[in-house]
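Trainee: any chance you can model this:
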Amino acid sequence: MIARLRRRMTLLVTLFILLVTAGIIAAISIANYSGIERQAYATLEALSQRRGERPLRALPDGGMTPPALPDEDDEKDGEEAETVGRMAGRGLRSGGVFSGRRRPAAGQPEDLGDAMASLSSSYTVQLDGEGKVTSWSSDREELYSNEQVQALADQILGSGKSRGRIGSQFFTLTEKKDGQTAVVLDARLEMQGVRRVTVIACIVGALAWLILSGAAFFLIRRMVRPVEEAFRRQRQFVWDASHELKTPLAVISANAQVLEDEIGENENLGYIRSEVKRSNELVQNLLSLARLENGSIRAERREFDLSRTLLEAALPFESTVYEAGKRFETEVPEGIRAVADEAMIRQLALILLDNALKYSEEGGLLRLTLKAKGKGAEFAVSNTGPGIGAADLPHLFERFWRADESHDRRVDGSGLGLAIAKELAEANGAKIRAESRRGLTVFTVTLG
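Mentor: A predicted model of the protein is given here:
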């Protein structure tokens, strides 16, 4: 039990650390990508105002080469493009990120200068009514070819959006009288930087998770050790006390039998014998539970005929159920086999049948069913009766626990039967669960 508790605590703590680490890495990545996106769209807006409104010159032959900027009216814009190109070039050579704050070129707005200080390159593309590139210009013309620009223009038009991102390139698309104008910002260096940061964060996060998980493992072991020791002592006390109680109970029972032989049947002696019998059952259950918990009894898992074992366990109950004025039905097909400790499974079935008999209503119905399930099998014991409250269901397999309705002595029992049943199931790798709705209670055991 303590070992299971320690494993669960370790699993929960390591899972929590993993989720927190993953959340931090995801937050860093999202923040970086969002920062680049906001910066890119702000730059695109500024570029659209400064460049997008300037008509691009179409060459006489209709080619797709970058236009020259010879006009005097465009001289100022040419200087700005050259300045921005030099800034982007320096940014490219230094990894795409400028150090410090740079002054924008003359006539360049402050927001555009700040934004361009950490982005790679940009270009403006003029499209005709059919989506063909008529001309384009860039602050880094040597990085692109006509074919690349046309391919990107086709992707932009195919997206059906006026603003978005294709790979590492952000774009805005505006309608003009003679076609469309696309302003594109290439942020590949920044995106690569974010990916590098994400990879580094993942590596650091994985190392941190391993270190923290290891620390949590040792700390939990240290924290649980006093509880484990207290539980071990309690279990040893139960074991010793149960053994010590067997002898005086045997003496009381023997003396009661002698007195009954001498004076005949006596009501008081009957009470003594009844309570001795009940105490013996309690001691035996305590010993069984102690053996299961400390591993003195180990399951010897072998393949056996589960159908035959359940029918053998149910056979003695038929007469008992009949004498109690109740009904008993079995639905156990032949030939269903399982891999488990046969003796333990028989004892488990007997506990569930006895429990169903005790808590079924007068004239009620008990049922034992079995069916194959995947590579294993599943059997269930059910009984009609008042049922078990939803608040009581989680406590059914706790030792010495009994529902409020059963506290009166009309129902014999020590409150250990279902606790033993759970230990027997877990010793065989089986799962046991209880369900109760008005008028029906079902205990199900799944093997395999």
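Trainee: okay, the closest residue to residue 438 other than its chain neighbours and residue 396: tell me how far apart.
Mentor: Using Cβ to Cβ, 6 or more residues apart in numbering and skipping the chain neighbours, the partner closest in space to residue 438 is residue 387 (5.4 Å). In short, each C-beta sits where N, CA and C put it, glycine included. Noted for residue 387: a distance of 12 Å to residue 396, by Cβ to Cβ, to the nearest Å.
Trainee: now swap in residue 337 and tell me
Mentor: On the measure of Cβ to Cβ, residue 337 and residue 396 end up 29 Å apart.
Trainee: next: residue 151.
Mentor: Taken as Cβ to Cβ, the span from residue 151 to residue 396 is 68 Å.
Trainee: more neighbours: those two, which one.
Mentor: Shown here are residue 151 and residue 396; by other Cβ atoms under 10 Å, residue 396 has more neighbours (21 against 12).
Trainee: and that one, how far from residue 384?
Mentor: Counting by Cβ to Cβ, the gap from residue 396 to residue 384 is 17 Å.
Trainee: which parts of the chain are strands?
Mentor: Assigned by DSSP state E, the strands in the chain fall at 121-127, 133-138, 163-166, 169-176, 179-186, 302-305, 327-331, 337-340, 365-373, 376-384, 431-437, 440-447.
Trainee: mean neighbour count, those strands: which tops it?
Mentor: Ranked by mean neighbour count under mean count of other Cβ atoms under 10 Å, those are led by strand 121-127, which reaches a mean of 24.
Trainee: just the C-alphas of it, formatted as CSV.
Mentor: The C-alpha trace of strand 121-127 is given here as CSV (Å, rounded to 0.1, in the frame of the first residue of the first chain):
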residue,chain,number,x,y,z
SER,A,121,14.5,42.3,-46.0
SER,A,122,11.3,43.4,-47.8
TYR,A,123,10.0,43.8,-51.3
THR,A,124,7.0,45.3,-53.1
VAL,A,125,5.3,43.4,-56.0
GLN,A,126,2.9,44.9,-58.5
LEU,A,127,0.4,42.4,-60.0
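Trainee: sorry, back to before: quick one, phi/psi of the residue nearest to residue 438?
Mentor: Here the main-chain torsion angles of residue 387 (degrees, to the nearest 10) amount to phi 80, psi 180.
Trainee: if I look at it, how far off is residue 147?
Mentor: For residue 387 relative to residue 147 (Cβ to Cβ), the value is 77 Å.
Trainee: between those two, point out the one with more neighbours.
Mentor: residue 387 (20 against 10).
Trainee: correct me if wrong: the more buried one contacts residue 434.
Mentor: No: in terms of Cβ atoms under 8 Å, residue 387 does not count as a neighbour of residue 434; the distance is 10.8 Å.
Trainee: can you list residues touching both of the two?
Mentor: Both residue 387 and residue 434 are contacted by residue 441, under the criterion Cβ atoms under 8 Å, 6 or more residues apart in numbering.
Trainee: and residue 301, what does it touch?
Mentor: So residue 301 contacts 339, 340, 341, 428, 429 (Cβ under 8 Å, 6+ apart).
Trainee: the closest residue to residue 328 other than its chain neighbours: neighbour count?
Mentor: Counting by Cβ to Cβ, 6+ apart, residue 328 lies nearest to residue 321, which is 4.2 Å off, once chain neighbours are set aside. For residue 321, the count of nearby residues is 21 (other Cβ under 10 Å).
Trainee: any idea how far the closest residue to residue 243 other than its chain neighbours is from residue 199?
Mentor: Leaving aside its sequence neighbours, residue 243 sits nearest to residue 287 (Cβ to Cβ, 6+ apart; 7.5 Å). Noted for residue 287: a distance of 59 Å to residue 199, by Cβ to Cβ.
Trainee: who has more neighbours, the two?
Mentor: Taking other Cβ under 10 Å, residue 287 and residue 199 do not tie; residue 287 has more neighbours (18 against 10).
Trainee: pLDDT wise, what is that one at?
Mentor: With respect to pLDDT, residue 287 scores 75.
Trainee: kindly report the same for the one 3 residues further on.
Mentor: At residue 290, the pLDDT value in this model is 73.
Trainee: so it makes contact with residue 242?
Mentor: Yes: if you go by Cβ under 8 Å, residue 290 and residue 242 touch, sitting 6.9 Å apart.
Trainee: the two: who's more crowded?
Mentor: residue 290 (21 against 18).
Trainee: longest helix of this structure?
Mentor: helix 188-263 (DSSP state H).
Trainee: quick one, helices of the stretch 1-150 of the chain?
Mentor: For the stretch 1-150 of the chain, the helices defined by DSSP state H, counting those that start in this stretch cover 2-47, 75-93, 110-116, 146-159.
Trainee: could you tell me the least trusted of the ones you listed?
Mentor: helix 75-93 (a mean of 39).
Trainee: quick one: neighbours of the closest residue to residue 423 other than its chain neighbours, just the number.
Mentor: Nearest non-adjacent residue to residue 423, counting by Cβ to Cβ, 6+ apart: residue 292, 4.1 Å away. Counted with other Cβ under 10 Å, residues neighbouring residue 292 total 20.
Trainee: got the CA positions of stretch 373-390 in CSV?
Mentor: Taking Å, rounded to 0.1, in the frame of the first residue of the first chain, the C-alpha atoms of stretch 373-390 are listed here in CSV:
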residue,chain,number,x,y,z
LYS,A,373,-13.5,-10.3,-22.2
GLY,A,374,-10.7,-10.0,-24.7
LYS,A,375,-7.8,-12.2,-23.6
GLY,A,376,-9.2,-12.5,-20.1
ALA,A,377,-12.5,-12.9,-18.3
GLU,A,378,-15.0,-10.9,-16.1
PHE,A,379,-17.3,-12.2,-13.5
ALA,A,380,-19.9,-10.4,-11.4
VAL,A,381,-21.9,-11.0,-8.3
SER,A,382,-25.1,-8.9,-7.9
ASN,A,383,-27.9,-8.8,-5.4
THR,A,384,-31.2,-6.9,-5.1
GLY,A,385,-31.7,-4.7,-2.1
PRO,A,386,-31.7,-1.2,-0.8
GLY,A,387,-28.4,-0.4,-2.6
ILE,A,388,-25.4,1.6,-1.5
GLY,A,389,-25.4,5.4,-1.3
ALA,A,390,-23.1,7.3,-3.7
